[in-house]
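**Student:** dropping a prediction and its sequence here:
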Amino acid sequence: MKKPVIVNELKKLSKRNMVSFHVPGHKSGKIFERYNLSNFHNIGKFDITEIPGADNLYAPEGMIKEAQERAKEFYGGDYTFFLINGTTCGVISMIMAATNPGDKIIVSRDCHKAIISGMILGGVMPIYIKPKICYELFLSMAITPKTIERAIKENPDAKAVVITYPNYYGVCSDIEKIAEIVHKYDKVLLVDEAHGAHLKLSENLPISALDAGADIVVHSTHKTLPSFTQSSMLHVKGKRIDIDKLKTMLSLTQSSSPSYLLMLSLDMAMTVATGEGKYLMEKLIDNIEDFRKEINKIEGLNIFSKEIKGKYGVKDIDITKITINMKEIGIDGIKLEEILRKKYNIQVEMADMYNILAVSSIANDRNDFNRFARALEGIYNDKRVPHKKSELPEFSFAIPKMEVLLREATYRKKKSIPFSKSSGKISGEYIIPYPPGIPLICPGEVISQEIIEYVQILKNIGINIIGTCDESINTINVIK
Ligand SMILES: Cc1ncc(COP(=O)(O)O)c(C=O)c1O
């Protein structure tokens, strides 16, 4: 197995035992020794800055270049950039690299707020497209190639298409077809693959966005591979992207003091991925399949998987994301998350009224799945766990009229008014119910009576709604 490059070079540098009159202030972790914090001391040795021998993230020639090259080869792109400000800085940079202020981009409405930030900072105009919704699970599903082609035909001046692939629940749109359409109309395809850094590890996982033809792809390596929080990667393939402009945007959105701890962790993740990664992934997939069969035997519990392919525009599913639906038996996902955490010491990624989402990785072993299965059985058989069936009302999630551009709406003066009286006003805030995580309203859009009434229904049921300063949504900030 190949050795990690960055940590080895840093070990060599730390053995020089130099007296540091350099940042950072802990001086190679020395201060931690004084307080008997020996773990910190060792970490401190690797938390350096761009001293001679340590290469430079923004003009790499040494170990960072070598580590990035290895990642580039693994993912199959033409350029790979290590990111130390998370996928957030990556998606902001990709949007700003592919557009100029005032340009239009076609973007899936269920996008992460990092994409919205990119549109605000880049001053671009979003043309939102809606994913399909599965009302049974109340989850957002795929964006169809047809929806994208229609949006491009209606907006021939749009510069780029931005999609999230896979979505939070592992749902994958038909990205190969989407890439074909986007390129047929001479646009660029930007993919937020925050949840898909691991897809290259198995033929049994969905195709990776880069392999499918995307022009820029951003990975939250830290989410699904073993790297530290906030460490991510951006990959470019083909000639549609101006690399110098992209580098400028990355230098605008990233720290001028890049963390070597984050960089070495990206390199460690690549060492694992290119070493035992495929073997560990096959083991993980076996464990997930066994777990799924076991859980699906329990009446009323359901893990959705490949059978959803072909419905709601879904092309494929990343099964490492395990969505357990309990709508039929009426156990509230939020309650289930709490019991798993408090009684069984198991922490899942997310919970909503009908579902819990467990995100697994090659670091999970069979014992983890066995514990999870026993806990779910225990909760299922516990008569004290409250059961209450509730139906979420269907809603069109129609995209409201945008009166003011996102960027302008962010800067315009706002005033707080009763939400019940906000019909016809321009919102200064988001209203995003979870599930399904699709905004009902974004800043700059006109609030309708229909939205006000729907929010009231969701509040009565107890749905989690985010995006407003007043969490109770009795008031809302509208544009003056
Ligand atoms: C789809 C998606 N995109 C982007 C991000 C931002 O990623 P990061 O936290 O690495 O900045 C997230 C984080 O949750 C996400 O889920």
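**Tutor:** Done, it's in.

**Student:** CA only for contacts and neighbour counts going forward, please
**Tutor:** Will do.

**Student:** and the gap between residue 282 and residue 265?
**Tutor:** 23 Å (CA to CA, to the nearest Å).

**Student:** who's more crowded, the two?
**Tutor:** Between residue 282 and residue 265, residue 265 has the larger neighbour count (other CA atoms under 10 Å), namely 23 against 16.

**Student:** and the gap between the residue nearest the centre of the chain and residue 364?
**Tutor:** The residue lying closest to the centre of the chain (CA atoms, centre = their mean) is residue 194, at 3.9 Å. Distance of residue 194 to residue 364, given as CA to CA: 19 Å.

**Student:** burial count for residue 52?
**Tutor:** Neighbours of residue 52 under the rule other CA under 10 Å: 8.

**Student:** SS state for it?
**Tutor:** The three-state label given to residue 52 by DSSP: H, G, I helix; E, B strand; the rest coil is coil.

**Student:** and it, what pLDDT?
**Tutor:** For residue 52, the pLDDT comes out at 91.

**Student:** and after the helix or strand bottoming out on mean pLDDT in the chain, which helix or strand comes next?
**Tutor:** When the helices and strands of the chain are scored by mean pLDDT, DSSP states H and E, helix 30-34 comes last with a mean of 79. Next in sequence after helix 30-34, counting helices and strands by DSSP states H and E, comes helix 38-46.

**Student:** quick one: average pLDDT of stretch 194-205?
**Tutor:** 97.

**Student:** need phi/psi at residue 465.
**Tutor:** Per-residue torsions, residue 465: phi -120, psi 130 (degrees, to the nearest 10).

**Student:** quick check: residue 398 vs the ligand, distance?
**Tutor:** 21 Å (CA to the nearest ligand atom, to the nearest Å).

**Student:** which stretch of helix or strand covers the residue nearest to the centre of the chain?
**Tutor:** Applying DSSP H and E, one finds residue 194 in no helix or strand.

**Student:** go ahead and confirm it touches residue 225.
**Tutor:** No - using CA atoms under 8 Å, residue 194 is not in contact with residue 225; the gap is 11.0 Å.

**Student:** which residue is the nearest non-sequential neighbour of the residue in the stretch 351-480 of the chain that the ligand sits nearest to?
**Tutor:** Using CA to the nearest ligand atom, the closest approach of the stretch 351-480 of the chain to the ligand is made by residue 437 at 11.0 Å. Excluding the flanking residues, the one nearest residue 437 by CA to CA, 6 or more residues apart in numbering is residue 110, at 6.3 Å.

**Student:** isn't that neighbour up against residue 439?
**Tutor:** Yes - counting by CA under 8 Å, residue 110 touches residue 439, with 7.0 Å between them.

**Student:** what about residue 156, how many neighbours?
**Tutor:** 13.

**Student:** ok, now the one 5 residues further on?
**Tutor:** Using other CA under 10 Å, residue 161 is surrounded by 27 other residues.

**Student:** what pLDDT does it get?
**Tutor:** In this model, residue 161 is scored at 98, pLDDT.

**Student:** roughly how far does it sit from the ligand?
**Tutor:** In this view, residue 161 and the ligand are 15 Å apart by CA to the nearest ligand atom.

**Student:** which strand residues bridge residue 322?
**Tutor:** Beta-bridge partners recorded for residue 322 (DSSP bridges): residue 358.

**Student:** what's next to stretch 409-416, contact-wise?
**Tutor:** Stretch 409-416 is contacted from outside by 120, 428, 443-444, 475-480, using CA atoms under 8 Å, 6 or more residues apart in numbering.
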